[in-house]
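K.L.:
Structure of the sequence below:
(chains A, B, C and D)
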4 protein chains.
Amino acid sequence: MPQKPDLPNPKPESRRVGYAIVGIGKLTADELIPAARTSENSYVAALVTSEEDKGEAFARAFDLSDRDVYTYDQFEELADREDVQAVYIVLPNSMHREYVERAAKMGKHVLCEKPLGMNADDARQIVAACKKARVKLMTAYRCQYTPEHWAARDAVQGGRLGKVKLLDSIHTQVETDATAWRMKQDLAGGGPLPDVGIYSVNIMRFVLGTEPEWVFAALHQPKSDPRFREVEESVAFTLGFPGGIMATGLTSYGAAKTTTLRVLGEDGSLLMDPAFPYDGLKLQLTDEAGTHQPSFPEYDQFTQEFNHFSRCILEGGTPWTPGEEGVADHVVMDALYESARTGKVVTLKSSRKKDASRGPDKPQLPGK
Amino acid sequence: MPQKPDLPNPKPESRRVGYAIVGIGKLTADELIPAARTSENSYVAALVTSEEDKGEAFARAFDLSDRDVYTYDQFEELADREDVQAVYIVLPNSMHREYVERAAKMGKHVLCEKPLGMNADDARQIVAACKKARVKLMTAYRCQYTPEHWAARDAVQGGRLGKVKLLDSIHTQVETDATAWRMKQDLAGGGPLPDVGIYSVNIMRFVLGTEPEWVFAALHQPKSDPRFREVEESVAFTLGFPGGIMATGLTSYGAAKTTTLRVLGEDGSLLMDPAFPYDGLKLQLTDEAGTHQPSFPEYDQFTQEFNHFSRCILEGGTPWTPGEEGVADHVVMDALYESARTGKVVTLKSSRKKDASRGPDKPQLPGK
Amino acid sequence: MPQKPDLPNPKPESRRVGYAIVGIGKLTADELIPAARTSENSYVAALVTSEEDKGEAFARAFDLSDRDVYTYDQFEELADREDVQAVYIVLPNSMHREYVERAAKMGKHVLCEKPLGMNADDARQIVAACKKARVKLMTAYRCQYTPEHWAARDAVQGGRLGKVKLLDSIHTQVETDATAWRMKQDLAGGGPLPDVGIYSVNIMRFVLGTEPEWVFAALHQPKSDPRFREVEESVAFTLGFPGGIMATGLTSYGAAKTTTLRVLGEDGSLLMDPAFPYDGLKLQLTDEAGTHQPSFPEYDQFTQEFNHFSRCILEGGTPWTPGEEGVADHVVMDALYESARTGKVVTLKSSRKKDASRGPDKPQLPGK
Amino acid sequence: MPQKPDLPNPKPESRRVGYAIVGIGKLTADELIPAARTSENSYVAALVTSEEDKGEAFARAFDLSDRDVYTYDQFEELADREDVQAVYIVLPNSMHREYVERAAKMGKHVLCEKPLGMNADDARQIVAACKKARVKLMTAYRCQYTPEHWAARDAVQGGRLGKVKLLDSIHTQVETDATAWRMKQDLAGGGPLPDVGIYSVNIMRFVLGTEPEWVFAALHQPKSDPRFREVEESVAFTLGFPGGIMATGLTSYGAAKTTTLRVLGEDGSLLMDPAFPYDGLKLQLTDEAGTHQPSFPEYDQFTQEFNHFSRCILEGGTPWTPGEEGVADHVVMDALYESARTGKVVTLKSSRKKDASRGPDKPQLPGK
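P.N.:
Model prediction:
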C-alpha cells in the first residue's frame, strides 16, 4: 500500500464533455465505456440502442440511470440534453451517414467509427453535413493516437531509416459468423478491406504523410462459402506513393489474426508486429548498430481518442483525423475495388500537400 | 459493432460476496476495485481508510456512496453490514495481524495481501485467529492463480522438462522513497525480500510443490543510503529442495525492474520473463524439438483471486493459498535472514508432503 | 578434449564427385570451397577463372595445385580431367548458357547458380542442351535444401496452418556499386528481381508446390541514380496461386537487408525471419496453442547442395531442383516484367501438377 | 559473382606464428584448425597426439603432412621445429602442467585451454614455469575476445546501467558419458564447475573488472549415478564483489544446455542469452528508453584468440588473459569447493586493483 496513492482525478462532469454512445456492442462495453471512465475530460452521459432492455442492462452495469438510455427513435430527444455535447457513432457502416446527419442537426459534435462511410461519396456527404451544421467531426482512427505509431512516423519522417523505399502491412482475422452485418455488402460497403485492411492503408498513409498516386488490387471471393456471398474474403494490394515508394498489403476475413507494418529505408527498417491490437503493440527499429525496441508509457487507445476530441471541443481545435481523413481512405479503397474489377493499375489525383487530410492539432501522447 | 455483444453478466449483488477493502492506495484504485467490478461473484461493498476525505473521493470515483466509507476506528461497524462477508487487507505488513484478528472476530472472511505477517510467528498467529473464529483466510498470492504459472507448474511436474535440476528467479525494482513504510523495519518486517523476493520464493515452491530443506542468503545493506537505514537493499539466496534440486534467487530495491523464473531439467527448460507483472507474462518452454511459447486467454489476476476466494466462501471450500501458505514463505524468509546473519547454511524441517501448505481446491483457470 | 572425436570422414576422392568451379568470387571463396570440403561425396578438383593470377592465389589458399587452375580459354581442357565429373557455374547470368553448353558438350554434369538464365527462353535452351548431352542439370536453389524451409513446406502442405490463404515475402538489400555486373541489364537480365526477389518467388512456389496462375508487378527505377540506369531499383509484386491463394512480394537493391516469408492459413501462420541468409534461419509457427520455434541440427546450405547433386550423379537420380525449376521462376519473372510494363494482370498457363518442375528425389535433410 | 572478391589474404607462413596443437579432438577438428586457417598471423604447423593413426588422418584431412604429426613421446622433437613458435594445449586438465612445462623448456610460447590447471596451486606453478622460461602464457578464455562480451563490459563499466548491483549467470549442459575424462576427479579436478561454470565466474569477473571478496557454494552429487561418482553434478554459487555487488551462478552436467549472463544496475540491465556458445551470442541492453540489441560483425572466437596471442608474440606484448587470469578463476573455484564442503561463506583476499590479473594489451575486436 503506497502512502500517497494517485487518486483518480477527473474534472467535474460539468467541465467534461458528455458523450452519447450510439450503438451498443462488445466494443462499447469492453472498450469505450471503460475508456471514457479514465478520461480526464470525457464521460459517457447517454446510450442509444435499438433494444431498450439491452440499453438498460448496460446502463445498470455501467452506473448510468435508465433515463440515460434512448432508442434510435428517441435519438432526437438528446437535443435537450445539454450535458451531451458529442455523440460517438458505433453503428454498422451503412448507418453512419444518417446518424451523423441527425446528430449534426442537433448541434452535437461527432466522433465516428471507421470506415467513415460506405465509400468516398458517402463519406464526403458526412463531412459536408458536419461542416454545414458547424459541428466537429473526427474519424476514430485509434492508431493515429498511439505513441508507438507516432514513433514509427517519426522514424520514417525523421530520417532514421534513411530514404524510405518500401512498406508492407498485413491485417487479417477469421470471421466465422456468416450472418454478421460485416458480411453484408449493403451494411458494410465491403468485406475485410474497409473493416481491417483499412488499418494498413491508413497507417501507411499516416507514417508517410502522403497519399498514394496509384493503386492495384486483386481480391478473392469464394461465393460458395456462405460468409463470402456478398463480400470478398481477401484482398492483396499495392500502393504507389510519391517518390517511387511502393507498399504491399494483405487483408482477409479468412486468415489467422496477423497485424504487421514494415517500413524499409536505405539505412534501416522498422517493424510493428503486432501493429493494430488495442494493446501490446511492439515496435522494432533496426539499423547498422542493431535493433532497438523502444518502451512506452501505458495508456488506453480509446481514452486517447476521447481526450483528443474533447480537447478539440473544449479548446476549439480541429481533430488530427477529421472527416477528411476518413474520406481519404475511402478514395483509396474505392480505387482498390476498381482495380480488382479491371485487373489494371488505377491512378489517383490526390493532394500533394503533406498531411493534406489531417487537422492542424497533433494528439497529445501519453507521458509528454 | 457486433450484433450479439457479450453483456457483462454478473450475478445480482445479493448472490455475490461483498468485500470491504481495508487500506486505500494505488493497488486498490488501479487493480482491486476494477477487478472486483469484472468478477462474477464478488463486489466491493465498502472501503476502510485512515482519511475520510480520501475514502469519500474514492467512493465517488468508484460509484460507492459516502456511507460505504469507514475510518479505521469505525472498522467494527462493518459487523452490522451483512452484505460485507469478507475483508481484503491491503495494509502495511505490521498491521495485518491486528486487522485480520478484528475482522475474524466479526466473523468476516479474510483475503490478506502478502506477506501474510511480519515473520513466521506473526503469520502463525494470524492463521490461528482465523481458525479460532472459523473464518476463511487466503493469502493473496496472485501468481498462483494464473494460467501461465500453472502451465509452468504442469511442465515441471508433468515431466516435460525431464527430471528437474535447477531453478533461478529474479525479482528486483527500484524504490526511491526513503520515507515509504516499506523502508521501515517495524512496518514492513524486512526490505525487498518480503515484498518482491517473496514472489521468487513462493513461485519456486509452487512449481515444485515441495519445501526447501536448507537455505543460504547474503544481503547488502548500504546504511549510508537513507533508503536502507533499516532494511536491506538486496538479497542473494540459494534454496535446497528435496532430491538435490537447487535454486538461486536475487531480489533488490536498488536494481532495474526485472522479474524472471527459470527451471532447468535434464530434457528441457522453461523461462518466464517477465514472470511477475500484473499482465504480459511470457512463458517459453524449450526442449530438443525447439522453443514453444504457449498462448493463454486474457484474464485479470486480481479477478482470479476474488473469484477463487468468493467461490470458497459461497461453496464452502478451502483456498488454494490459505494462511498456511503464507506461513510457509515466512519460514523460508526467516531462515534466509538467519543465514545472512550467520554466513552459514540454515537447515529447515518442513513437511515432506506435496503441496503441504496448500488447500485442496485448485483455482479455476480462465478458459477452462 | 573429447576422447572420441568425430573425425572428418569423407570418402576417398576416387569415390567422390570432383567439381570444377567456374567463376571465382566471394561466394566461391567463402562458401563453396569450404562447403565442398565438408561434403562426404564432393570435392573441388579444379578452378576456372578469367585471371590466372587470381586462380593461382586461390588454389594456394585452398590447397589445390597450380595445375588445377584453368582460364576460360582452357575450359575445354577439363574434358580430359576424368576426376572432374561436374562443373559448378558461378558466373554472371548472361554467361550461364554458354558455359553450361560447353560443359554439357564435354559430358560434365552441371550445377548452375540461380537465376538459371537471362529469361525463360534462355533457360529453356540451357535445359535442352543438358538433355541433349544427357548430363544432369541442377539449379542451385539452396533454400530448397534446408530443414527450415522443408519444415515450412510441411506445415503448409500438412495442414498445420489450416487452409492456406495468403503469403508475403520480402528480399531486399542495398547494392552500392554502380559498376557491378548485377547492375547491367545485358549481364544480369534484370535487377533485384532475378537476383534476390527470385528467392521469394521460388520459395513461395516451393512451400505451396503449385505455380501462379496470374501475376501483377510494379517497379521503380530512378534512372538518375547511376546504379539504376539499366535495371530497376525495386519491384512490388502479387502472385495468384490456384485456389484463390494470393501472395505479395517486395524486392529491392535500395532497401536495408530484409528477408522474410510469411504464410497465413485459417488456423495458423508461419513466419521465417530471416528467411534467406546462409545461416541463422528462424522459423516460427503460430496457432491457437501458441508459438513454436522448432530447432534444427547444424548444417551448411552449400554442402547440402553438393551432397544432393553428387548423390544424383553417383546413384543416378534427378535433382530436386533441376533446370525445369529454374525455368519455372523465369516464366514468373518474365510475366512480372510484362505486368510492370503494361500495368495489367498477366495470366500464366502453368502445369496444374504438384511440384511439376521438380525432380522425384527429395533432398536428404541433416539429422535424418 | 562479385567482380572484386575478398581474397583470403594471410601473411606468408614465414611471418605468421606456427602452432603445434597438442591434443586432437572435436574442438581441434571443428574449431581450432579452421580458426587458424582464417587467421592472418597464425597457422597450424604441427599436431601432437597419442594415436599416430589418428594424427595422420587429421593431418591428411587438414592438409598437413605426416611429418607434422608427433606422438606425446616425440613432443620434445618440436624443439627443432623453428617454425613452431607456440603450442596450443588441448589436453585433459591434469596434463596441462606437464605439457606447459615441457613446452616452456623448449622455449615455446603457450596458449592453454581453460581451466589453466587442476586448482590454484597447480595453475600458479604453470605460471611460474613460463615465467622462468621467459615464454608467454595465455589462458584460452575465448569469451574475453568477443565484441559482444566487450560491449557488455563497456555497458557495465561505462555507466550505461547506472550503478551495478546484481549479476546472475547460468552455464549448464548434459553430459551422458560416464567414462569421459571430464567425469574423473584426478583428470578434471572437478565437475561442471571448472569446465562450464568457469565461464560464469570468468565473465562476471571480466565485466566487473574486480575480484570477489567472498563466496558461497552448494553442490549436488548423486553418487549412485555412474557419471557422478567422482565429480559433482551441479553447483549453485554466490559471489560477493566489492561495493556490495552480489552474483549468483548455476552450473551443471545434468541440466539442459543453458548459457546466460544478466547484469542489473539501478538504471538498466543487460542480458546475454545465449552467453557462451561459439557463435550466435545475443546481447540485450534495457533501460527506460527500451531494449537495444546491438549488432556485431561476423568473426570467429578461436581466430580472435589466435590473432591476439600471435600478435603478442610477434609484437612483444602480454596477453589480455595471461596465466594469472587462469589462476584467479582457480582461486575462486577453490573457495567455492571449500564453501560447499563447510556450508559457510569463504572470504578471499584478492587484489583490489582493477583487472589485476589481466594483461595490459586489450584484444583487437572485429571491425575496429
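
K.L.:
What pLDDT is listed against A:Asp6?
P.N.:
The model reports A:Asp6 with a pLDDT of 41.

K.L.:
Share the number of residues neighbouring A:Ser351, please.
P.N.:
12 (other CB atoms under 10 Å in any protein chain shown). C-beta here means a position set from N, CA and C on the backbone, and glycine is covered the same way.

K.L.:
which residue sits closest to it, ignoring its sequence neighbours?
P.N.:
The shortest distance from A:Ser351 to any non-neighbouring residue, by CB to CB, 6 or more residues apart in numbering or on different chains, is to A:Glu211 (6.4 Å).

K.L.:
from memory the one you found sits against A:Arg205, does it?
P.N.:
Yes. Using CB atoms under 8 Å, A:Glu211 is in contact with A:Arg205, at 6.4 Å.

K.L.:
For chain D, see how far away A:Lys338 is.
P.N.:
One correction, residue A:338 is Glu, not Lys. 42 Å (CB to the nearest CB, to the nearest Å).

K.L.:
Look up which helix or strand that residue falls in, please.
P.N.:
A:Glu338 is located in helix A:323-342, with elements delineated by DSSP states H and E.

K.L.:
Report the buried residues of that helix.
P.N.:
Using 16 or more other CB atoms under 10 Å in any protein chain shown as the burial criterion, the residues of helix A:323-342 that qualify are A:323-337, A:339-340.

K.L.:
so what secondary structure elements neighbour that helix?
P.N.:
In terms of contacts (3 or more CB pairs under 8 Å, 6 or more residues apart in numbering or on different chains; DSSP states H and E), helix A:323-342 is packed against helix A:120-133, strand A:137-140, helix A:198-208, strand A:214-220, strand A:234-241, strand A:346-347.

K.L.:
Any chance of those in CSV with mean neighbour count and mean pLDDT as columns?
P.N.:
Formatted as CSV, the helices and strands packed on helix A:323-342 follow (neighbours: other CB atoms under 10 Å in any protein chain shown; pLDDT from 0 to 100):
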stretch, mean neighbour count, mean pLDDT
helix A:120-133, 19, 98
strand A:137-140, 27, 98
helix A:198-208, 25, 98
strand A:214-220, 24, 98
strand A:234-241, 26, 98
strand A:346-347, 16, 98
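
K.L.:
Can you lay out those as TSV showing distance to D:Pro192?
P.N.:
TSV is the format used below for the helices and strands packed on helix A:323-342 (distance: least, CB to CB, whole Å):
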stretch	distance to D:Pro192
helix A:120-133	68
strand A:137-140	59
helix A:198-208	51
strand A:214-220	57
strand A:234-241	54
strand A:346-347	66
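
K.L.:
so which of those gets nearest chain D?
P.N.:
Among the helices and strands packed on helix A:323-342, the nearest to chain D by CB to the nearest CB is helix A:198-208 (18.7 Å).

K.L.:
Now do the SS call for A:Val196.
P.N.:
helix (DSSP: H, G, I helix; E, B strand; the rest coil).

K.L.:
pLDDT weak spots in the stretch 1-150 of chain A?
P.N.:
A:1-14, A:61-62 (pLDDT under 70).

K.L.:
secondary structure element for the closest residue to chain C within it?
P.N.:
Closest to chain C within the stretch 1-150 of chain A is A:Glu148: 19.4 Å, counting by CB to the nearest CB. Assigned by DSSP H and E, A:Glu148 belongs to helix A:147-157.

K.L.:
Dump that helix to CSV, restricted to CA.
P.N.:
Written as CSV, here are the backbone C-alpha positions of helix A:147-157 (Å, rounded to 0.1, in the frame of the first residue of the first chain):
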residue,chain,number,x,y,z
PRO,A,147,2.9,6.7,-29.1
GLU,A,148,4.1,3.6,-30.9
HIS,A,149,2.6,4.7,-34.3
TRP,A,150,3.9,8.2,-33.8
ALA,A,151,7.4,6.8,-33.0
ALA,A,152,7.1,4.8,-36.3
ARG,A,153,6.1,8.0,-38.1
ASP,A,154,8.9,9.9,-36.5
ALA,A,155,11.4,7.3,-37.5
VAL,A,156,10.2,7.4,-41.1
GLN,A,157,9.9,11.2,-41.4
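
K.L.:
picking that back up, do you know how far the residue nearest to A:Ser351 is from A:Lys353?
P.N.:
9 Å (CB to CB, to the nearest Å).

K.L.:
Look at these two and report which has more neighbours.
P.N.:
The residue with more neighbours, out of A:Glu211 and A:Lys353, is A:Glu211; 22 against 11, by other CB under 10 Å.

K.L.:
what sits against the more buried one?
P.N.:
Neighbour list for A:Glu211: A:Arg205, A:Phe241, A:Ala328, A:Val331, A:Val332, A:Leu348, A:Ser350, A:Ser351, A:Arg352, A:Ala356, A:Ser357 [criterion: CB atoms under 8 Å, 6 or more residues apart in numbering or on different chains].

K.L.:
which of these lies closest to chain C?
P.N.:
Using CB to the nearest CB, the contacts of A:Glu211 come closest to chain C at A:Phe241, 10.3 Å.
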